[in-house]
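Peer 1: Any chance you can model this:
(2 chains)
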Amino acid sequence: MKRLFLFLPVILVIVLGVVLFAGIGKDPNRLESALIGKPVPAFNLSDLADAERQLDGEVFRGEVSLLNVWGTWCPACRDEHDDLLWLAEDKGVRIIGLNYKDNREDALVWLERLGDPYAVTLYDPRGTLGFDLGVYGAPETYVIDPEGIVRHRHVGVVNEKVWKEDLEPLVTRYREGA
Amino acid sequence: MYPELGQFALILALLLAVLLSVVPLAGSVTGRDNLQAFARPLSAGLFVFVAIAFAILTYAFLIDDFSVAYVANNSNSMLPWYYKFSAVWGGHEGSLLLWILMLAGWTLAVAVFSRRLPSVMIAQVLAVMGMITVGFLLFTILTSNPFDRMLPNVPADGNDLNPLLQDFGLIVHPPMLYMGYVGFSVAFAFAIAALINGKLDAAWARWSRPWTTVAWAFLSLGIALGSWWAYYELGWGGWWFWDPVENASLLPWLSGTALMHSLAVTEKRGVFKSWTVLLAIVTFSLSLLGTFLVRSGVLTSVHAFASDPERGTFLLALLAITIVSSLMLYAVRAPVVHVRSRYGSMSREIFLLLNNVLLVAATLLVLIGTLYPLVLDYLDMGRLSIGEPFFNLTFSPLAVATGLLMGAGVFSRWKKTDGGWLGRKLLWPLAVSLLVTTVLMVVYGGFKPWAFMGCFAAVWVSVATLWDLWDKSASRKGRLYGLKRQSRSYYGMVLGHLGMAITMAGATVVSNYGIERDVRMSPGDTAMVGDYQVEFIEIGDRQGRNFSAQYGTFVVSMDGDAVSILHPEKRQYLVQRSVMTEAGIDAGLFRDVFVAVGERISDDAWAIRLQYKPLVRWLWLGSIFMAAGGFLAIADRRYRVRDKATEKRAATTPEPRGDAAEALS
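Peer 2: The predicted structure is shown next:
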């Protein structure tokens, strides 16, 4: 009987191996979300810039937007920041920030120093909305249509290539639909 | 022509490795000494041919032979010679070759330094190492040949080495890290040999111990170098990002630490055998897993090599064969009978068991945190949030708990420790530690619960360790005599534990009391960071050998006295057109002042990142202590005296009196 327990490590390793095998060749930045086609989960968070102002799902209404998850603790978010500025300023894309598990002062300093690409930033210090969205690490970017429905999820850094290939077609489509 | 010789050397090495994995093993099974005797010469030959291949690749880099594809992709004629040298391991193929060179080196070392081992055991250990080498040589030759050529269209110049890697840190970081990773293959090979023989005894533990300790010491240094490099080269002033690749190096370190301690119990008391052998397998498996994660592209990471499904599949197959077969062997052969040896509830055995529980918990935590995106992806669900906050929240309590236990465990005795005696023993160290920690809190300005816990754990470990040294060195012939009488392995332990305490103190203080400021500055402006005043003097241009840079000048002063002049840079590398930040750091034992130049905001204004980092150096200083402890422990007399004794016997001049004299000396 005890002998059987000794087989436990092998079994665990085989299970892990199957998972790893499935991961080979997949782009780790492409992660489907269970929420695609569904509305953004309900939330009630304060505005990063104004602690008194409460925001909810209405911020997505009326215009297609990108929801960008970021934090000052995340080096990769710094990498994509210039591209987000470019999107907001040159392409006129509406970007909603989700400041994730961060500290309000640090985040405001960061935006002041690097520029603020966000139409508005939701402040989510405990990661509640992030949890509902299924965020597993920053940065992540979602395409949200004017009805507030999640259309696409991108895990990892947004750059020109990602914008051209993945995000722009969707943004254009839902813009026209509106 | 000569690059083909390199490839040929690799193929010859593969043939020797195949022989090494078959012939001595066959000899050990059939009991034929003449076949077992092949193990040592084959190991030496294997090393020689791998070294020839490595030397040829290095030569191709030094003479800028861009007909070799790997050289063209990772070097450039404008690189200084030392970076041409380190570029050998700057990409996937070359670093894999370095990995194999290390493996062959460890194999040779086992062959040379294990003359006292029974020949059956040495034959099996070397055969297992040969098998691992076969796997990795096949991987290199079939999927990642560093000697592939670009003929006849030889590029005029190379693609350059990634500028992030053009740094002293990179010259030394990968070799150290690989020494550690690969070094655990020795403990693994000993474990497999012991399982095959069914001899999991104190001798097996005694032989595995020094090898594990050395590998662990190298890995400690390698991780610290990586952290140090990230600190000054990435320009962020962070020292640990919980990046998948960093985690991949931390995993074998954590389980290797557990292994080192459980080996001690197995050697001294003959218990936990089954557990120790499992840890040896797991530790090397985690090293392999790290190699797989970095090179297969299944996870996103700043370190990852270009992902390639073919390589990933091959490596996974290699991993599967190695790990599954060794764990199957474990399942079938590991002893399940309870050893009769008894130990009480406060004995040293129990403390070391708890240490293992905590370290394994930490290993699992990091493993889960690293792999769960893959697992969730596989299960088609994304319902959990994680990231740096997750690791910080869950890892810190385990680290503190380990520290608290360590301090108490130092005083514990084998077999049985009287609870009341231990309680009284701990009273004074406890009081001293509380006092010191309180003073520290006052000095650093402000009580924070986690800072208090972390500092207390660090102080507690140091006080307990030194207290124990004081106790043990008491002698009627004076303190100095008592100190001299302690063994090197005891001093190794003292250094290792102090190193742990130093690293903990550094991590706690810098995380809780460091100051970061992002400010907008123009030449002539001043800004404060902590008690330091930083004045932006000027910024100009500077030409490097293969980059052009904006070169800033900052004066750091305190209370009006100049402390230092810093020159942070923003470098534009010419070939790859990438921008690198070189921070200006005034390093000190108790604090760093860190200035990095960011974006240009307007014509004369720049975004400047200023940081005050108390005790940040302690992070790496601690790991130097740990590594020194490891090296000191294996220099212990019990590993040397017997050597001499055996040599004497081997020379067939039995001199019992000489032996006795040496044992006393």
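
Peer 1: which intervals of the chain have sub-threshold pLDDT?
Peer 2: Just going to use chain A. A:1, A:25-34, A:136-137, A:177-178 (pLDDT under 70).

Peer 1: That was the other one, I meant chain B.
Peer 2: Ranges of chain B meeting pLDDT under 70: B:235-236, B:296-308, B:336-341, B:377, B:380-387, B:576-577, B:640-665.

Peer 1: Domains in it, by residue range?
Peer 2: B:1-161, B:515-617, B:639-665 (automatic domain parsing).

Peer 1: and those, which is most packed in?
Peer 2: domain B:1-161 (a mean of 20; mean count of other Cβ atoms under 10 Å in any protein chain shown). Yep, even glycine has a C-beta here, placed from its N, CA and C like the rest.

Peer 1: And that one, how far out from the chain middle?
Peer 2: Mean-position distance between domain B:1-161 and its chain equals 22 Å (Cα atoms, centre = their mean, to the nearest Å).

Peer 1: contacting residues for the residue most central in space within chain A?
Peer 2: Centre of chain A computed as the mean C-alpha position; nearest residue by Cα atoms, centre = their mean is A:Glu140, 2.8 Å away. Residues in contact with A:Glu140 (Cβ atoms under 8 Å, 6 or more residues apart in numbering or on different chains) are A:Asn68, A:Val69, A:Leu133, A:Arg153, A:His154, A:Val155, A:Gly156.

Peer 1: Now with 7 Å, please.
Peer 2: Going by Cβ atoms under 7 Å, 6 or more residues apart in numbering or on different chains, A:Glu140 touches A:Val69, A:Arg153, A:His154, A:Val155.

Peer 1: now B:Ala464
Peer 2: Applying Cβ under 7 Å, 6+ apart, the residues near B:Ala464 are B:Gly407, B:Val410, B:Phe411, B:Pro429.

Peer 1: Kindly recompute the last result at 6 Å.
Peer 2: B:Ala464 is in contact with B:Gly407, B:Val410, B:Pro429, counting by Cβ atoms under 6 Å, 6 or more residues apart in numbering or on different chains.

Peer 1: swap in A:Val157?
Peer 2: Contacts for A:Val157 (Cβ under 6 Å, 6+ apart) come out as A:Ala76, A:Asp79, A:Glu80.

Peer 1: what are the ranges of the strands in chain A?
Peer 2: Applying DSSP state E to chain A gives strands spanning A:45-47, A:54-55, A:65-70, A:94-100, A:120-124, A:140-144, A:150-155.

Peer 1: Make CSV out of those strands and add distance to B:Thr437.
Peer 2: CSV is the format used below for those (distance: least, Cβ to Cβ, whole Å):
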stretch, distance to B:Thr437
strand A:45-47, 37
strand A:54-55, 42
strand A:65-70, 36
strand A:94-100, 33
strand A:120-124, 34
strand A:140-144, 40
strand A:150-155, 42
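
Peer 1: out of those, nearest to A:Leu85?
Peer 2: strand A:94-100 (9.5 Å; Cβ to Cβ).

Peer 1: Can you list the strands that the closest one pairs with?
Peer 2: Here strand A:94-100 has these sheet partners by DSSP bridges: strand A:65-70 (parallel), strand A:120-124 (parallel).

Peer 1: which stretch among these comes nearest B:Gly130?
Peer 2: strand A:65-70 (48.8 Å).

Peer 1: Give me the angle between that closest one and strand A:150-155.
Peer 2: With axes from the mean of the first three to the mean of the last three Cα atoms, to 10 degrees as the basis, strand A:65-70 and strand A:150-155 are set at 30 degrees to each other.

Peer 1: Which residues outside strand A:65-70 are in contact with it?
Peer 2: Residues contacting strand A:65-70 (Cβ under 6 Å, 6+ apart): A:77, A:94-98, A:100, A:135, A:138-142, A:144.

Peer 1: repeat that for 8 Å
Peer 2: By Cβ under 8 Å, 6+ apart, strand A:65-70 touches A:40, A:59-60, A:77, A:84, A:87, A:93-100, A:117-119, A:130, A:133, A:135, A:138-144, A:158, A:167, A:171.

Peer 1: List buried residues within those.
Peer 2: For the contacts of strand A:65-70, a burial check counting by 16 or more other Cβ atoms under 10 Å in any protein chain shown picks out A:40, A:59-60, A:77, A:84, A:87, A:93-100, A:117-118, A:130, A:133, A:135, A:138-144, A:158, A:167, A:171.

Peer 1: can I get the strands paired with strand A:94-100 in TSV with mean neighbour count?
Peer 2: Supplementary listing: those in TSV, determined by neighbours: other Cβ atoms under 10 Å in any protein chain shown:
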stretch	mean neighbour count
strand A:65-70	26
strand A:120-124	22
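
Peer 1: In TSV, list these along with distance to B:Ile141.
Peer 2: Below are the strands paired with strand A:94-100 laid out as TSV (distance: least, Cβ to Cβ, whole Å):
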stretch	distance to B:Ile141
strand A:65-70	43
strand A:120-124	51
